[in-house]
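Visitor: below are the sequence and a predicted model; questions follow.
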Amino acid sequence: MSLRAGYVSLLVLLLLVLVACGGPSSPPPKPQFELRDLTFEWGPVASWARGRLVNVGTGKAQYVEVGIKVTPPDDPNYIIAKGWGNAVNVEPGMNVPMDIVLTGDIPTGEWTYHWRWSTEVGKAMY
């Protein structure tokens, strides 16, 4: 084998290794959250939304915040009360108690709630 053929073989081998290492990879594990056992306590001084935040995903969240808003059932844009809370270092399968102070009014009549979560500061607030 000539020196030139040896270099070509080495380059082809190196190219195959680079393609194999840089090929498709699985996405990183991501957290996914559910809010469970949510209850509301309405009071003249403070109102609360209490429940458990559960990481049902496959990845850890170093920071997660939860935003809750209470609205009439037919108008999700009219916010009666709202609040947010956060947690840190939430591993997959972990249950985190959430006690969220709600500001606004005490709902009268029918109402519903909406919630969302984010691993970025300020992104879950309503």
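Guide: Thanks, I have the structure now. On a predicted model such as this, the values are computed, not experimentally measured, just so you know. Numbers count the residues shown, from 1 in each chain.
Visitor: those helices in the chain, which residues are they?
Guide: Under the criterion DSSP state H, the chain contains helices at 3-21.
Visitor: what's the weakest-modelled helix or strand in it?
Guide: Ranked by mean pLDDT, DSSP states H and E, the weakest helix or strand in the chain is helix 3-21, scoring a mean of 64.
Visitor: please give me every residue in contact with residue 48.
Guide: Residues near residue 48 by CB atoms under 8 Å, 6 or more residues apart in numbering: 40, 41, 99, 100, 101, 102. In short, each C-beta sits where N, CA and C put it, glycine included.
Visitor: most neighbours among the residues you listed, which one?
Guide: Highest neighbour count within these, by other CB atoms under 10 Å: residue 102, with 24 neighbours.
Visitor: any chance of TSV for the contacts of residue 48, columns distance to residue 63 and pLDDT?
Guide: Shown next, in TSV, are those (distance: CB to CB, whole Å; pLDDT from 0 to 100):
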residue	distance to residue 63	pLDDT
40	25	98
41	26	97
99	18	97
100	16	98
101	19	97
102	22	98
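Visitor: can you put the residues you listed in CSV and add distance to residue 114?
Guide: CSV is the format used below for the contacts of residue 48 (distance: CB to CB, whole Å):
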residue, distance to residue 114
40, 13
41, 18
99, 19
100, 13
101, 17
102, 13
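Visitor: residue ranges of the strands in this protein, please?
Guide: Along the chain, the segments classed as strands by DSSP state E run 33-41, 47-55, 61-71, 81-90, 95-104, 112-118.
Visitor: now those as CSV including distance to residue 125?
Guide: Putting these into CSV (distance: least, CB to CB, whole Å) gives the following:
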stretch, distance to residue 125
strand 33-41, 15
strand 47-55, 14
strand 61-71, 5
strand 81-90, 5
strand 95-104, 11
strand 112-118, 9
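Visitor: closest to residue 9 out of those?
Guide: Among the strands of the chain, strand 61-71 comes nearest to residue 9, with 46.6 Å by CB to CB.
Visitor: list the buried residues of the closest one.
Guide: The neighbour-count check on strand 61-71 (16 or more other CB atoms under 10 Å) flags 61, 64, 65, 66, 67, 68, 69, 70, 71 as buried.
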